[in-house]
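Undergrad: Sequence and predicted model, in that order:
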Protein chains: 2
Amino acid sequence: MPQLFTINYSDNNTSARAGVLHTDHGDIPTPCFIPVGTYGAVKTQSSKEIVDLPSSILLSNTYHLYLRPGTEIIKKAGGLHSFMNWQGAILTDSGGFQIFSLEGYRKVTDDGVTFRSHLDGSEHHFTPEKIVDIQRIIGSDFMMMLDVCPSGDADYQTWVDALSTTTNWAKRCMKHFKETEPIYGHRQALIPVVQGGTDKNLRKQSAEELCELDADAYAIGGLAVGEPKPEMLETVEWMDDFLPKEKPRYLMGVGTPSDLVRNVERGVDMFDCVMPTRNARNGQLFTYDGKINIRNAKYKSDFSPIDENGFSPMSERNTKAYLHHLFKTEEILGYRIATQHNLKFYIHLMKTMHNKIQNGNFETWAKEFIMQYSGEGILD
Amino acid sequence: MPQLFTINYSDNNTSARAGVLHTDHGDIPTPCFIPVGTYGAVKTQSSKEIVDLPSSILLSNTYHLYLRPGTEIIKKAGGLHSFMNWQGAILTDSGGFQIFSLEGYRKVTDDGVTFRSHLDGSEHHFTPEKIVDIQRIIGSDFMMMLDVCPSGDADYQTWVDALSTTTNWAKRCMKHFKETEPIYGHRQALIPVVQGGTDKNLRKQSAEELCELDADAYAIGGLAVGEPKPEMLETVEWMDDFLPKEKPRYLMGVGTPSDLVRNVERGVDMFDCVMPTRNARNGQLFTYDGKINIRNAKYKSDFSPIDENGFSPMSERNTKAYLHHLFKTEEILGYRIATQHNLKFYIHLMKTMHNKIQNGNFETWAKEFIMQYSGEGILD
């Protein structure tokens, strides 16, 4: 089987690396940001628009797809790629995070997790094996293992228990993965999720246990769930030592533009986050000069382009005043323009980082970017 | 000034005509359907997508734009074309219809109409002159005169009064129009609206009075407001005799695909309607075989393309099952795909009619289309 990941450039001054993920649905330059399409659609955007970001990967969610449209439909469609007419790669979140967000509606045992649907209250049971099976049916290029993700304010014992269950489930996931085959002929990689809260020893233990599985890539979970940002950054820093250098590292659910830069600096290759899409629908735009909220009255008669940096045609063609008007009148086109802007910005930022790492000036650029974007001392 | 309208082909068997509207923002083949973008955006669609329908004209609304973003912003932007980044032609409805739909919130005098905003209840006063001024600021290629549009169940005397006020206002509109100049340098045509309910004599009187103004085009108003469909069709038939042959006729707010065919048959050149866009957002799709509702359970596992007639790339690429899923999960992409499908269908239908008139086989085709689309005897 061909190599999944190639590191082409390693930064001399930081842990940043620039490389390529090789999938049967195309190559993905890293560091990469993965747009979120929970239900098999990146909110407001067409598949073609995702290709044009450009992105050759998107994320969808096992839990959500399992509920709607259901595995029967996805199987009949020939997998999610075919169902949603997407030729690029797909990473599916296991749904663990979503299920553990359903406070009071789920119960974890050694066997798996029982939960009630957020849609109709119906009861469902997920095991590590079932999560693999569902993702075989979805046909994701990157499948996530079922893990236990404690909330940000969890105590030490909760972290310990989550870690232990996550490791046990990971072993079962890997075993079942090896006993099953892709349904649609293309390669699928299975990714374990390191847990352990913000405790160094637990993170080390989790990484060591999961590394024994010799997976193709490793995800860092249980962060950006409410812990202070310095602790998140420190934890990722540890992970750089605990995880194998040659394999891709995926930091789940992170984050702001500055977060991306700081974590690339710390050796992360893959990111996903709802922020660019969700915040867009609330009128928040990311730019190289920081965040703006287009709903703000000062944009009512601001006829400058939404962005002049040239990474989004819609942002160049349309003015802030027009976008402000579209938000005020709740026109869907406004959500589309803002979403496209933010995604283009995120993708452009990743490409910039790739180039800076390649050219050996990542560290200087990163400092300048963070200063320009957030200002000094702000962990935005 | 160059001619506004050229009739290139007249059907031998019906009153149908195929021609071109010439504007400073491009030529528009007729018969034409004008997509509705009330607030300066066709709901869910980008300007580029309207161009790609293809449509080189869209409709916006004077009343709505006056409230949001307001004339001050539009003037600062250099007109609506510039504000919304639209290079095609624009027709603006006067807002009369919208104001008269605000039951209990408006008062008509000889001078004009006083009404309360549907947004914040603030009081406003529109005169025929003011409506011209606002549309000068908007910069619409086709400006509509302020008219009185009675509801579908209005009595004879209401029709008489509406007609009389409409004529008086039309004279004032035309006078003010001639005393003012376009602000942005491009040509603006001013269109009066024939009223008179479904009474032949009143329609004749209204048409005669308005024809004295020698306007560039004539609109037929006060139809599709609740009257029985045979009466609507008969009224349009009379108008064919009462209105000058050489000028474009615009039937406001109509209608279903069959309505378009039947009224082209009766000599109408221009149409607008919210139906393709509004119904799309409710899951109703128009096809050459009739209407379908994509929310229907039978489409859950229907993996055939949304439409195979090739007029909409999104409809060809995506399956009914996927669109059904997008509607069930309330994904905006679903509204986009359905809207694009319906608009493409409407525009394709108009182009087909243009070709059929040109080739001399319109009447036969129209019969077949209506049979195929609605079935015999159904005035759908």
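TA: Now that the structure is in, tell me what you want to look at.
Undergrad: quick one, phi/psi of the residue nearest the centre of chain A?
TA: The residue lying closest to the centre of chain A (C-alpha atoms, centre = their mean) is residue A:272, at 1.7 Å. Note on residue A:272: its backbone torsions stand at phi -140, psi 150 [degrees, to the nearest 10].
Undergrad: Which positions in stretch A:296-311 come out as buried?
TA: Neighbour-count burial for stretch A:296-311, counted by 16 or more other C-beta atoms under 10 Å in any protein chain shown, picks out A:299, A:300, A:301, A:302, A:305, A:306, A:307, A:311. No exception for glycine: its C-beta is placed from N, CA and C like everyone else's.
Undergrad: Need the worst-confidence member of those.
TA: Comparing pLDDT over the buried residues of stretch A:296-311, the lowest score belongs to residue A:311 (84).
Undergrad: which ones are touching that one?
TA: Each residue near residue A:311 by C-beta atoms under 8 Å, 6 or more residues apart in numbering or on different chains is listed here: A:344, A:345, A:347, A:348.
Undergrad: Apply 7 Å and report the result again.
TA: A:344, A:345, A:348 (C-beta atoms under 7 Å, 6 or more residues apart in numbering or on different chains).
Undergrad: Narrow the residues you listed to those in strands?
TA: Taking DSSP state E, every one of these sits outside strands.
Undergrad: how about residue A:342, what does it touch?
TA: A:276, A:277, A:279, A:280, A:285, A:286.
Undergrad: Leaving out chain neighbours, which residue sits closest to whatever residue of the stretch 151-300 of chain A ends up closest to chain B?
TA: Proximity of the stretch 151-300 of chain A to chain B (C-beta to the nearest C-beta) peaks at residue A:300, 6.5 Å away. For residue A:300, ignoring the flanking residues on the chain, the nearest one in space by C-beta to C-beta, 6 or more residues apart in numbering or on different chains is residue A:324 at 5.6 Å.
Undergrad: and whichever helix or strand the one you found is part of, how far from the chain's centre?
TA: Assigned by DSSP states H and E, residue A:324 falls within helix A:320-328. Remark: helix A:320-328 is offset 29 Å from the chain centroid, using C-alpha atoms, centre = their mean, to the nearest Å.
Undergrad: and if you look at stretch A:165-173?
TA: 21 Å.
Undergrad: What's the separation between residue A:134 and residue B:286?
TA: 37 Å (C-beta to C-beta, to the nearest Å).
Undergrad: Specify the local secondary structure of the residue of chain A most remote from its centre.
TA: With distances taken as C-alpha atoms, centre = their mean, the residue sitting farthest from the centre of chain A turns out to be residue A:301, at 35.9 Å. State at residue A:301, reduced to three classes by DSSP: H, G, I helix; E, B strand; the rest coil: coil.
Undergrad: Confirm for me that it is in contact with residue B:76.
TA: Yes. With contacts counted by C-beta atoms under 7 Å, residue A:301 reaches residue B:76, the gap being 5.5 Å.
Undergrad: distance of the residue of the stretch 151-300 of chain A closest to chain B from residue B:140?
TA: 22 Å.
Undergrad: Please apply the same query to residue A:88.
TA: In terms of C-beta to C-beta, residue A:88 sits 42 Å off from residue B:140.
Undergrad: what residues does chain A put near chain B?
TA: A:39-41, A:43-46, A:68-69, A:73, A:76-77, A:83-85, A:300-301, A:303, A:317-318, A:321-322, A:325-326, A:328-329, A:331-333, A:335 (C-beta under 7 Å from any C-beta of the partner chain).
Undergrad: out of those residues, which are buried?
TA: A:39-41, A:43-46, A:69, A:73, A:76-77, A:83-85, A:300-301, A:318, A:321-322, A:325-326, A:328-329, A:331-333, A:335.
Undergrad: before we move on, back to that, now do the closest residue to the residue nearest to the centre of chain A other than its chain neighbours against chain B, distance only.
TA: Closest residue to residue A:272 apart from its sequence neighbours, by C-beta to C-beta, 6+ apart: residue A:34 at 4.2 Å. Residue A:34 sits 18 Å away from chain B, going by C-beta to the nearest C-beta, to the nearest Å.
Undergrad: Residue A:34 contacts residue A:57, correct?
TA: Yes. With contacts counted by C-beta under 7 Å, residue A:34 reaches residue A:57, the gap being 5.3 Å.
Undergrad: Return every residue with contacts to both of these two.
TA: In contact with both residue A:34 and residue A:57: residue A:91, using C-beta under 7 Å, 6+ apart.
Undergrad: ok so, going back, got a list of what the residue of the stretch 151-300 of chain A closest to chain B touches?
TA: A:321, A:324, B:73.
Undergrad: wait, what's in contact with the first one?
TA: Meaning residue A:321. If you count contacts by C-beta under 7 Å, 6+ apart, then residue A:321 has A:299, A:300, A:301, A:302, A:303, B:73, B:77 around it.
Undergrad: and the residue of the stretch 101-250 of chain A nearest chain B?
TA: Taking C-beta to the nearest C-beta, the stretch 101-250 of chain A has residue A:119 as its residue nearest chain B, at 9.7 Å.
Undergrad: wait, isn't that residue in contact with residue A:67?
TA: Yes. Using C-beta under 7 Å, residue A:119 is in contact with residue A:67, at 5.9 Å.
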